[in-house]
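Asker: Just to be clear, the model below is a prediction. Sequence and coordinates:
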Amino acid sequence: MADYVDLEIGLHHRGGDTWTIELQCARPDEDVDVRLVRDGPRFDLDELRRSATDDLAYGRLLTESLFAVPEVKELFAMARAAAASGGLPLRLRLFIGPSASELQDVRWETLRDPGTGASLLTDEKVLFSRYLSSLDWRPVGVRPKATLRALVVIANPSDLAAYRPGGRQLAPIPVEAELTRIRAALGPIRATELATSGSATLDGLVDRLHDGYNVLVLVCHGYMAQGEPLLLLETATGTAATVPGSVLVERLRDLRETPRLVVLASCESAGSSDGLPGDHEGALAALGPRLAEAGVPAVLAMQGRISMATLDAFLPVFFRELRRDGQIDRAAAVARGAVRQHADWWTPVLFMRLKSGRIWYTPGFAGAFQQWPALFADIRHGRCTPILGPGLTDALLGSRQEIAWLWAREYHFPLSPHDRHDLAHVAQYLAISLNYRFPRESLLEYLRAELLERYDLPEELADASLDVLIKAAGERRRATDPTEPHAALAALPFPLYVTADPADLLPPALELQGKQPQVELCRWSQDVDWPRSIYDLVPDYRPDVQRPLVYHLFGNLRFPDTVALTLDDYEDFLIEVTSNRDLIPAVVRRALSDTALLFLGFRLDQRDFRVLFRSMMRQEGRSRRRRYSHVAVQIDPEENTTLEPDRARRYMQQYFDGADISIYWGSVESFVRELQRGLESQLP
């Protein structure tokens with residue numbers, strides 16, 4: 001359940017100085033949203049500009065304009081009252097539509113409460129952001145707090161004196177002072193710094209971001225030229241390099257994963273901010289919407305000159321609060337309140353395309369998990385079955401969402417943008433528009449290229465089969481990562497492993513434990529030339545801990561035609577499994593209905609997980625599932641999908657017909673570490 005009242009205000013240009021306003025209010029205790037669409041707000045932009053030197057007058061004029069329509073003021077008051085009565089914050093998101101882009105230059109942060117006249121957005125109970133839409137449909141993942149990393153880039157070109165935007169001399173940036181401030185603000189967040197002369201280049205910045213950073217802090221000068229924001233970064237020799245905002249946006253768009261939060265800052269020496277507007281002042285803030293287009297979920301920028309004193313007070317509070325609970329908009333609200341006595345308190349502006357406002361989560365169960373002893377006992381006695389999802393190989397091979405997004409962009413996927421990260425949808429399009437084999441062959445080529453790029457494999461493997469490359473990469477990963485999940489799971493006493501991942505990483509890990517794994521595939525299609533079954537070779541085979549069964553539900557990459565990849569494939573799987581009871585071996589059917597289940601490496605909203613559940617629900621033994629405690633490990637919860645543990649738990653309970661399901665938020669590695677520690681603590 002959401003822990004806030006959500007109010008979104010949308011503004012769209014009608015013509016002249018009039019706009020259409022849309023309000024949508026969602027309360028956590030109600031399933032129905034309240035919506036309001038009205039014509040009427042009039043913003044006199046010239047009058048606002050004339051009030052720019054008086055933030056109190058500016059804020060009052062802006063508030064009167066926004067809430068001039070009585071129904072708008074009434075709905076806002078209702079949302080505030082609902083939040084107050086429930087002891088909840090009001091999450092206020094301002095969406096400025098493409099037709100009203102001129103309103104991005106308005107100082108919305110100066111808004112006041114239309115009822116009391118008090119400053120509205122210095123109140124910690126009002127979480128404000130400028131909400132942005134994006135054509136980038138890559139999933140926005142949430143990362144564990146412990147894995148947060150920041151890249152700090154400070155550009156102080158040696159020839160700043162040659163640049164005078166708006167006729168104003170640019171002051172040198174005090175690099176050491178900035179570093180001291182940012183280090184203190186980031187606290188325990190690990191940081192890499194590009195701050196020495198000649199290091200803050202565009203190429204250097206982008207190259208570092210390829211290593212994967214959650215936060216980018218960029219300190220530099222910027223100015224506007226013919227409507228284009230320009231940043232003054234550095235050349236390799238330390239002189240100024242003028243970088244158009246569009247170029248930075250394009251470079252970030254090409255990243256596999258963008259930073260989740262970008263902080264753009266440039267300051268004046270103490271007392272130099274006169275509050276006067278100028279075309280050069282909004283350069284960093286103007287990058288906010290553009291960075292959202294590149295896929296950056298949140299941008300904190302300065303919409304005018306900001307004094308060093310204000311920045312000194314704002315940034316440490318912002319990052320301190322961000323470390324506390326991961327809520328970006330709450331951190332901005334608290335930091336804005338901390339500088340409310342400064343003349344330029346309104347300067348920091350937060351752009352987001354996150355409805356949750358969250359940058360990190362804490363791994364663990366949604367509540368106290370009391371079933372550890374029962375789970376340990378089931379594992380020790382062979383009454384537990386791990387069901388492995390494709391997420392276990394994300395770190396090794398890349399995620400399915402990433403593959404889908406790359407294919408959708410490369411092959412101009414024409415269907416709903418929301419389906420661009422659904423591999424089955426994109427593969428279906430390729431199978432129909434090109435041919436049936438194309439997505440399978442493309443998948444094998446993609447995985448080969450990824451493995452050769454990501455891992456320093458021996459040169460003699462350059463022409464090796466994909467199966468050999470996967471095995472070699474798995475060995476390399478197990479050697480460097482003690483929490484590699486396949487190795488950890490292979491060491492536990494499981495007689496049966498069910499996997500929805502077509503990669504063959506588990507058998508080598510089992511063999512290292514001295515076990516003899518037997519691999520079997522679900523024969524879900526009548527049009528595939530299937531390999532021989534273990535039950536043909538050894539009819540009386542029964543899985544045990546020393547000879548465990550690895551059962552592939554959706555095929556195996558060693559036999560590409562067996563891999564369920566398209567929408568049609570998953571539909572065929574369901575048809576075959578539900579119409580032919582004996583398609584899945586009896587030992588597997590029994591395990592799915594009469595053992596504790598560990599779902600590891602699935603995203604609970606993804607197709608393979610839903611198809612797996614639907615096929616399980618058609619099997620016998622539902623009542624026996626209630627005898628066990630089951631765990632689903634949700635890897636990297638995604639924005640707007642599974643960030644609410646209680647709702648996800650209810651969803652799974654409905655699927656399981658009332659069975660006891662516990663949701664663990666975090667990586668499989670985190671869960672397996674807890675599992676291993678618990679089992680070891682019970683050893684005599």
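Answerer: Okay, I see it.
Asker: switch to C-alpha atoms for all contacts and neighbour counts from now on
Answerer: Noted.
Asker: any chance you could map the strands in the stretch 201-350 of the chain?
Answerer: For the stretch 201-350 of the chain, the strands identified by DSSP state E, counting those that start in this stretch occupy 215-219, 221-225, 228-234, 240-244, 261-265, 298-302, 348-352, in order along the chain.
Asker: Take those and lay them out in TSV including mean pLDDT and mean neighbour count.
Answerer: Putting the strands of the stretch 201-350 of the chain into TSV (pLDDT from 0 to 100; neighbours: other Cα atoms under 10 Å) gives the following:
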stretch	mean pLDDT	mean neighbour count
strand 215-219	93	23
strand 221-225	83	22
strand 228-234	90	23
strand 240-244	93	18
strand 261-265	90	23
strand 298-302	90	27
strand 348-352	90	26
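Asker: In JSON lines, list the ones you listed along with distance to A473.
Answerer: Rendered in JSON lines, the data for these read as follows (distance: least, Cα to Cα, whole Å):
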{"stretch": "strand 215-219", "distance to A473": "29"}
{"stretch": "strand 221-225", "distance to A473": "44"}
{"stretch": "strand 228-234", "distance to A473": "38"}
{"stretch": "strand 240-244", "distance to A473": "39"}
{"stretch": "strand 261-265", "distance to A473": "31"}
{"stretch": "strand 298-302", "distance to A473": "34"}
{"stretch": "strand 348-352", "distance to A473": "37"}
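Asker: quick one: which of those strands is nearest Y58?
Answerer: Among the strands of the stretch 201-350 of the chain, the nearest to Y58 by Cα to Cα is strand 348-352 (16.1 Å).
Asker: For the closest one, which helices and strands make contact with it?
Answerer: Secondary-structure packing of strand 348-352 (3 or more Cα pairs under 8 Å, 6 or more residues apart in numbering; DSSP states H and E): strand 126-131, helix 283-293, strand 298-302, helix 328-338.
Asker: got a pLDDT number for the closest residue to L492 other than its chain neighbours?
Answerer: In this structure, L492 finds its nearest non-sequential neighbour in I379, 7.9 Å apart by Cα to Cα, 6 or more residues apart in numbering. Note for I379: predicted pLDDT of 90.
Asker: quick one: contacts for I379?
Answerer: For I379, the contacting residues are L492, P493, F494, by Cα atoms under 8 Å, 6 or more residues apart in numbering.
Asker: Quick check: phi and psi at the last one.
Answerer: Listed backbone geometry of F494 is phi -100, psi 130, with angles given as degrees, to the nearest 10.
Asker: Give the rounded mean pLDDT of stretch 384-401.
Answerer: The model assigns stretch 384-401 a mean pLDDT of 84.
Asker: Endpoint to endpoint, that stretch covers what distance?
Answerer: Stretch 384-401 has an end-to-end distance of 29 Å (Cα to Cα, to the nearest Å).
Asker: Other residues contacting the host helix or strand of V468?
Answerer: Applying DSSP states H and E as the criterion places V468 in helix 466-480. Contacts made with helix 466-480 from outside it, assessed by Cα under 8 Å, 6+ apart, are listed as 396, 444, 447-448, 451, 455, 457, 461, 484, 487, 503-505, 508, 557-558.
Asker: hmm, 6 Å instead?
Answerer: R448, E484 (Cα atoms under 6 Å, 6 or more residues apart in numbering).
Asker: Pull the distance from it to the chain's centre.
Answerer: For helix 466-480, the separation from the chain centroid amounts to 27 Å (computed by Cα atoms, centre = their mean, to the nearest Å).
Asker: Please apply the same query to stretch 147-155.
Answerer: A distance of 18 Å separates the C-alpha centroid of stretch 147-155 from that of its chain, computed with Cα atoms, centre = their mean.
Asker: swap in stretch 661-674?
Answerer: 18 Å.
Asker: swap in stretch 456-475?
Answerer: For stretch 456-475, the distance to the chain centre is 30 Å (Cα atoms, centre = their mean).
Asker: now do stretch 190-202
Answerer: 25 Å.
Asker: One more: stretch 14-34?
Answerer: On the basis of Cα atoms, centre = their mean, the separation between the geometric centre of stretch 14-34 and that of its chain is 26 Å.
Asker: Kindly report the same for stretch 242-257.
Answerer: Between the mean C-alpha point of stretch 242-257 and the mean C-alpha point of its chain there is a distance of 19 Å (Cα atoms, centre = their mean).
Asker: Check which element follows the lowest-mean-pLDDT helix or strand in the chain along the chain.
Answerer: Lowest on mean pLDDT, DSSP states H and E among the helices and strands of the chain sits helix 645-655, with a mean of 56. Tracing the chain past helix 645-655, the next element assigned as helix or strand by DSSP H and E is strand 660-665.
Asker: which outside residues touch the next helix or strand after that following strand?
Answerer: Next in sequence after strand 660-665, counting helices and strands by DSSP H and E, comes helix 668-681. The contact list for helix 668-681, computed with Cα under 6 Å, 6+ apart, reads T483, P485.
Asker: Only the buried residues of helix 668-681, if you could.
Answerer: When burial is assessed from 16 or more other Cα atoms under 10 Å, helix 668-681 yields the following buried residues: V668, E669, S670, F671, V672, R673, L675, Q676, L679.
Asker: Ok, stretch 502-513 next?
Answerer: Within stretch 502-513, the residues that qualify as buried are P502, A503, D504, L505, L506, P507, P508, A509, L510, counting by 16+ other Cα under 10 Å.
Asker: next one: stretch 447-465
Answerer: Buried-residue list, stretch 447-465, by 16+ other Cα under 10 Å: L447, R448, L451, L452.
Asker: would you turn those into a markdown table with secondary structure and pLDDT?
Answerer: As requested, those are exported to a markdown table (DSSP: H, G, I helix; E, B strand; the rest coil; pLDDT from 0 to 100):
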| residue | secondary structure | pLDDT |
| --- | --- | --- |
| L447 | helix | 91 |
| R448 | helix | 90 |
| L451 | helix | 88 |
| L452 | helix | 86 |
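Asker: Domain boundaries for this structure, per the record?
Answerer: In the assignment given by automatic domain parsing, the structural domains of the chain cover 5-131, 143-361, 364-410+419-681.
Asker: how near is D536 to V34?
Answerer: Distance of D536 to V34, computed by Cα to Cα: 61 Å.
Asker: The two: which has the busier surroundings?
Answerer: V34 (14 against 9; other Cα atoms under 10 Å).
Asker: what's across from the nearest residue to that one once chain neighbours are set aside in the sheet?
Answerer: Nearest residue to V34, sequence neighbours excluded (Cα to Cα, 6+ apart): C25, at 5.0 Å. Beta-bridge partners for C25, by DSSP bridges, are L7, V34.
Asker: I'd like the distance from C25 to I9, if you could.
Answerer: 9 Å.
Asker: element containing L375?
Answerer: Taking DSSP H and E as the criterion, L375 maps to helix 372-380.
Asker: Could you do R589 as well?
Answerer: Residue-wise, R589 maps onto helix 586-594 under DSSP H and E.
Asker: Mind listing what's buried along that helix?
Answerer: Within helix 586-594, the residues that qualify as buried are V588, R589, A591, L592, S593, D594, counting by 16+ other Cα under 10 Å.
Asker: if we can go back for a sec, single out the most deeply packed of the domains of the chain.
Answerer: Highest mean neighbour count among the domains of the chain (mean count of other Cα atoms under 10 Å): domain 143-361, with a mean of 20.
Asker: roughly how far apart are D39 and D572?
Answerer: D39 is 50 Å from D572, by Cα to Cα.
Asker: let me fix that: L600
Answerer: Separation of L600 from D572 (Cα to Cα): 24 Å.
Asker: Tell me how far stretch 308-321 lies from the chain's centre.
Answerer: The gap between where stretch 308-321 is centred and where its chain is centred comes out at 25 Å by Cα atoms, centre = their mean.
Asker: Alpha carbons of it, as PDB, please.
Answerer: Output of stretch 308-321 as PDB, limited to C-alpha atoms (Å, rounded to 0.1, in the frame of the first residue of the first chain):
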ATOM      1  CA  MET A 308      28.000  28.800  -2.400                       C
ATOM      2  CA  ALA A 309      26.400  29.300   1.000                       C
ATOM      3  CA  THR A 310      23.100  27.900  -0.200                       C
ATOM      4  CA  LEU A 311      24.700  25.000  -1.900                       C
ATOM      5  CA  ASP A 312      26.800  24.300   1.200                       C
ATOM      6  CA  ALA A 313      23.600  24.100   3.200                       C
ATOM      7  CA  PHE A 314      21.400  22.300   0.600                       C
ATOM      8  CA  LEU A 315      23.500  19.400  -0.700                       C
ATOM      9  CA  PRO A 316      24.600  17.800   2.600                       C
ATOM     10  CA  VAL A 317      21.000  17.800   3.800                       C
ATOM     11  CA  PHE A 318      19.700  16.400   0.500                       C
ATOM     12  CA  PHE A 319      22.200  13.500   0.500                       C
ATOM     13  CA  ARG A 320      21.700  12.800   4.200                       C
ATOM     14  CA  GLU A 321      18.000  12.500   3.800                       C
END
